[in-house]
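>>> Give me a 3D structure for the following:
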Amino acid sequence: MRKAIELRHRLKRLKGIHFRIAACDEVQSVLEDSSMGRNISEGIRTEFLYQLQSNWISYRSSCEELRHEKYLWLAKAGHYADAKEPDRLLAERVESIVSTEHAKWISAQEKVDKKEKEHIVEK
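Predicted structure coming up:
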């Protein structure tokens with residue numbers, strides 16, 4: 001859950017910076033300086049490259065899934081109603097959720113690394 005919160009804050013900071021820069025775009029056109037446009041484009045590229053929003057959504061999804069399991073376990077409902085060992089079942093299901101999230105993260109990181117290499121080659 002901490003990673004989801006951290007990513008949400010990071011995403012909001014980046015969006016805020018983008019909006020502030022875009023608001024300055026009017027002034028930028030008066031100054032005829034293109035560095036502001038490059039900064040905006042670099043910020044958007046960075047956000048895309050690191051997929052902050054999709055990572056946050058993925059973390060939130062996993063967090064909600066874990067919370068759902070917790071409440072089912074506490075109420076001894078769902079899969080836990082007829083389980084002989086509900087604690088063991090909870091541990092197995094939590095491990096499955098966490099492993100799936102980790103595999104998704106590794107896959108996303110590999111894509112980011114590939115995009116970074118492509119981006120470096122472009123420059």
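
>>> helices or strands up against the longest helix along the chain?
Secondary structure assigned by DSSP state H gives helix 86-122 as the longest helix of the chain. Applying 3 or more C-beta pairs under 8 Å, 6 or more residues apart in numbering; DSSP states H and E, one finds that helix 86-122 contacts helix 35-50, helix 52-75. From N, CA and C alone the C-beta is placed, and that goes for glycine too.

>>> repeat that with 6 Å
Counting by 3 or more C-beta pairs under 6 Å, 6 or more residues apart in numbering; DSSP states H and E, the packing neighbours recorded for helix 86-122 are helix 52-75.

>>> what's the helix it packs on packed up against?
If contacts are counted by 3+ C-beta pairs under 6 Å, 6+ apart, helix 52-75 sits against helix 2-23, helix 86-122.

>>> Go through the ones you listed and find the least confident stretch.
Lowest mean pLDDT within those: helix 2-23, a mean of 68.

>>> Relative to Lys3, how far out is the nearest residue to Arg8 once chain neighbours are set aside?
Excluding the flanking residues, the one nearest Arg8 by C-beta to C-beta, 6 or more residues apart in numbering is Trp56, at 5.1 Å. Trp56 sits 9 Å away from Lys3, going by C-beta to C-beta, to the nearest Å.

>>> neighbour-wise, which of the two wins?
Trp56 (20 against 15; other C-beta atoms under 10 Å).

>>> how close does Arg60 get to Ala83?
Applying C-beta to C-beta to Arg60 and Ala83 gives a distance of 27 Å.

>>> To clarify, my last question referred to Asn55.
Taken as C-beta to C-beta, the span from Asn55 to Ala83 is 33 Å.

>>> Which one's more surrounded, these two?
The neighbour count for Asn55 versus Ala83, taken as other C-beta under 10 Å, is higher for Asn55 (21 against 14).
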